[in-house]
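[1] can you look at this prediction? I've put the sequence above it.
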Amino acid sequence: MYSKIAINNVKKSFKDYTIYFLTIAFAVCIFYSFNAIDAQKAVLVMSKSQAEYMTVVTTLISYVSVFVSFILGGLILYANNFLIKKRKKELGIYMTLGMSKSKISKILLGETLIVGILSLVAGLLLGVLLSQGLSLFTAKLFEVDMTEFKFIVSFGAIGKTILYFAIIFGVLMIFNTTIVSRYKLIDMLNAGRKNEEIKIKNPIVSSIIFIISAVILVFAYYLVNKVGLNLEKIEFKYSIVLGILGTVGFFFGIAGFIISIVQKSKNIYLKKLNIFITRQISSKVNTNFLSMAVISLMLFITIVLLSTGLSFKSALEEGIVAPFDASVKLFTAEGEEYTSVEQILNIAKYDVKDNKAIFFNTYRMDGPDTNSILKNYAVGDFKKDLDNGKQRWESIDMIKLSDFNKIRELEGKSTFTMKDDEVMLLSNFKSAKSSIENMIKVKGIVNLNGKEYKVANTEYLDDALYNSAIADNVLTLIVNDNFDGNIYLSNAYMNVNYKNPDDELAEEDMQNSFHNTGNNKELYDLPLIVYTKQDVYNENRGLSTTILYIGLYLGIVFLIASAAVLALQQLSEASDSSDRYKALKKIGATEKMINKTIFAQTVIYFVMPLGLAIVSSIVGINVVNKFLSMYGKTNIVPTALLTLAILVIVYGGYFYVTYTGYKSIIKNSK
């Protein structure tokens, strides 16, 4: 009998369950899709190193999923609480008919199971489809062959999703039983008569708080723009704290501020039902200002994560400098036994064979530093960074001309000559480029230990000395071989180009010799870094994919949570305010006018947190892009379009369901 009642209740109240169903289905879809990434390795033709990076991605997503499950669990509990609150009167009628609280709990248990199973199935079906898109996306990120791509279902991810949501629903059932057991019959029967009191704070006080909060937000934006993504700077930490305080104050004061502004404009305030709309919005914002502040902050995080994810990937990839098939870097220091990579080839059991290999050294010089050389020629933001101490390098890197020419010859480039009183500037750090070019243009002078050297460059040189994941060479001086300054050995290198480009056997030989050092303790103990071209690109893609996927995962979950909470708050307000709408009908308001009122309220309520989030996001995205531009060119257009599409689908979907649900509640209220 109870199962029949539960089924009939779900059928009868299906519109009430729409937000609940939609939220769980979206949550299951996203949860499954990202946890099914592990299965992609089975269908994507990946190299060993690529598969290893995908393992790291899936491991991190598993950890993030635990955090996500708490967010989704709290969201589902919040949505469930809304449904129970809305049905208090119905449950009270059951009790007057003699039904015990335990039997009512059984009915709620049945309804929860029915909606839970339906939304779980729908979410998994959507998730299976979405995960195929993620497979294609992963293939593009790693540039792997997709000729053997096939439709795949991850039963492991299905099991994990069912387990996590079974736990959430188990907690939900306990929650429902506890809530029902605490309800009093009189409160349940009178639930429909208890409307939320309209709370209007003092408009003057609210306006002052709103203006102060807006100023705090502007100051927070200024601080973060000034220091950028420098986590160690106290200004950055202040900007975070001030941003949170400013956001909370913004929503605390905005209701009173709106009333004071609108009331002054009689043409707006007294037009149609604008008095009613203003009071309704102000009441709801006053009540929920804290949750709206949290939602705005979550939307801010969502937009920044989604908008900068692909930019981060493209910037990192553009920043790669890997012109050689392989590079070996040996850190040397005074007193070390080995001062050249040539000395350790036998230890590594590596035979250069017919491959082209060169060996060279780089040096350091105490005394003048990079800042002192560039400060008189720096321009733009780089000059500001030098002046305020944001950038600081304590020594100068140098390479001898003959070694630099060896590197150029390995790449098939022309070589250089210099006079004894000349040096050349080498740099591939994007932010320093304009300053280096300015120094070349004006034929700058470099003072090294009291002796002046002319800049011999006729053009900007950005040659890579060795393979690296990022272009981080701010300045290296190329000096003549007979340079008599007080320099000391810094690092020793070997660059290799295989006899046959993309030779898999040569790559495997290099990997086995230098990477698999577990059984070669003598080599393992040496301070070595080995980067093949394949290593650099795979590591880059692994890092960018990890950050991109986690950003997408958290961003979409935050977006769902934000939109769902706004929707539930609006629908709750509709239930509480039904008598007010009846009063509007009695004084002559038409259904069309009431629908416009509902639409305006819903739009304003959804736009307020999103609007502030967009303003904050513009600042945040600008700061992130400035940081990324140091490593490579960023292109925000694709990510902006992706973010817009996700916002329209998820946020817009919740808005539409909320608006139609609100209208239905008011129309059917008796």
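    Sure, I can see it.

[2] how about the helices in the stretch 301-450 of the chain?
    345-348, 370-374, 380-387, 401-410, 433-441 (DSSP state H, counting those that start in this stretch).

[3] with just CA atoms, put the shortest one into CSV.
    Coordinates of each C-alpha in helix 345-348 appear next as CSV, following Å, rounded to 0.1, in the frame of the first residue of the first chain:
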residue,chain,number,x,y,z
LEU,A,345,78.0,8.1,-20.3
ASN,A,346,79.7,4.9,-19.3
ILE,A,347,77.9,4.9,-16.0
ALA,A,348,74.6,5.3,-17.8
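
[4] buried residues in that helix, which are they?
    Using 16 or more other CB atoms under 10 Å as the test for burial, helix 345-348 gives Leu345, Ala348. From N, CA and C alone the C-beta is placed, and that goes for glycine too.

[5] what's the answer for the last one, then?
    Across helix 433-441, burial judged by 16+ other CB under 10 Å covers Lys433, Ser434, Ser435, Ile436, Glu437, Asn438, Met439, Ile440.

[6] about what we covered before: how about the helices of the stretch 301-450 of the chain, which one is nearest Leu566?
    Leu566 lies closest, by CB to CB, to one member of the helices of the stretch 301-450 of the chain: helix 380-387, at 38.7 Å.

[7] just the buried residues of that closest one, please?
    Asp381, Phe382, Lys383, Asp385, Leu386.

[8] C-alpha coordinates for that helix, PDB please?
    In PDB, the C-alpha atoms belonging to helix 380-387 read as follows (Å, rounded to 0.1, in the frame of the first residue of the first chain):
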ATOM      1  CA  GLY A 380      56.500  48.300 -19.600                       C
ATOM      2  CA  ASP A 381      55.300  45.900 -16.900                       C
ATOM      3  CA  PHE A 382      58.700  44.200 -16.700                       C
ATOM      4  CA  LYS A 383      60.200  47.500 -15.600                       C
ATOM      5  CA  LYS A 384      57.500  47.900 -13.000                       C
ATOM      6  CA  ASP A 385      58.200  44.400 -11.700                       C
ATOM      7  CA  LEU A 386      61.900  45.200 -11.400                       C
ATOM      8  CA  ASP A 387      61.300  48.600  -9.700                       C
END
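
[9] so for that helix, what's the average pLDDT?
    Across helix 380-387, the average pLDDT comes to 73.

[10] how far does stretch 320-327 stretch from start to finish?
    End-to-end distance of stretch 320-327: 14 Å, with CA to CA, to the nearest Å as the criterion.

[11] for it, what does the pLDDT average out to?
    On average, stretch 320-327 scores 90.

[12] and of the helices of the stretch 301-450 of the chain, who's closest to Leu489?
    Among those, helix 401-410 comes nearest to Leu489, with 12.0 Å by CB to CB.

[13] for that closest one, buried residues please.
    By neighbour count with 16+ other CB under 10 Å, helix 401-410 contains the buried residues Leu401, Asp403, Phe404, Asn405, Lys406, Ile407, Leu410.

[14] show me where the stretch 301-450 of the chain has its strands.
    In the stretch 301-450 of the chain, the segments counted as strands under DSSP state E, counting those that start in this stretch are 326-331, 356-365, 396-400, 422-426, 445-448.

[15] check the stretch 501-650 of the chain too.
    Going by DSSP E, counting those that start in this stretch, the stretch 501-650 of the chain shows strands at 528-532.

[16] low-confidence stretches in it?
    516-520, 630-636 (pLDDT under 70).

[17] would you map the helices across it?
    504-510, 521-524, 533-576, 578-586, 591-629, 637-646.
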